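Colleague: one predicted model, sequence on top.
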Amino acid sequence: MHKVFYRLSAAALYLGLLLGSWNNHVALFSKNEDTPLKVYPVALDVLPEADRKSLIEGIPIKNAAELQRLLEDFLS
């Protein structure tokens with residue numbers, strides 16, 4: 001399992017974030033934006049079906065701890 005380290009500005013958290021999919025990869029979006037802030041090196045195909053479905057629908061991120069937990073789950 002590898003750790004994911006990141007820094008998010010208060011402005012990014014204020015605008016709201018969404019974990020979703022982009023070109024079959026896990027990606028982080030600002031809400032209501034079509035282009036991701038970051039695309040992660042994990043293909044949706046390797047994730048369980050329930051995780052793929054959640055990412056395709058979009059997972060609203062409530063705080064930095066939740067984002068850290070989800071990324072560690074998806075990227076490990």
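Modeller: Thanks, I have the structure now.
Colleague: now I61. Nearest residue, chain neighbours left out?
Modeller: Distances taken as C-beta to C-beta, 6 or more residues apart in numbering put L17 closest to I61, at 4.1 Å, once the chain neighbours are dropped. Placement of C-beta: from N, CA and C, glycine included.
Colleague: the one you found: neighbour count?
Modeller: 22 (other C-beta atoms under 10 Å).
Colleague: how close does it get to D45?
Modeller: 24 Å (C-beta to C-beta, to the nearest Å).
Colleague: now swap in L71 and tell me
Modeller: Counting by C-beta to C-beta - L71 and D45 are separated by 18 Å.
Colleague: next one: F29
Modeller: 20 Å.
Colleague: between the two, tell me which one has more neighbours.
Modeller: Set F29 next to D45 and count neighbours by other C-beta under 10 Å: F29 wins out with 21 against 8.
Colleague: in contact with that one: list those residues for me.
Modeller: Residues near F29 by C-beta atoms under 8 Å, 6 or more residues apart in numbering: 17-20, 22, 35-37, 58.
Colleague: which secondary structure element is home to it?
Modeller: Secondary structure assignment for F29, by DSSP states H and E: strand 25-30.
Colleague: show the subsequent helix or strand relative to that strand.
Modeller: strand 38-43.
Colleague: for the residue nearest to I61, give me its contacts.
Modeller: 8, 28-31, 37, 60-61, 67.
Colleague: ok, now with 7 Å
Modeller: 28-31, 61, 67 (C-beta atoms under 7 Å, 6 or more residues apart in numbering).
Colleague: narrow those residues to those that are buried.
Modeller: 28-29, 61, 67 (16 or more other C-beta atoms under 10 Å).
Colleague: adding pLDDT and distance to S54, write those out as JSON lines.
Modeller: JSON lines is the format used below for the buried ones among the contacts of L17 (pLDDT from 0 to 100; distance: C-beta to C-beta, whole Å):
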{"residue": "L28", "pLDDT": "95", "distance to S54": "14"}
{"residue": "F29", "pLDDT": "94", "distance to S54": "14"}
{"residue": "I61", "pLDDT": "89", "distance to S54": "12"}
{"residue": "L67", "pLDDT": "89", "distance to S54": "14"}
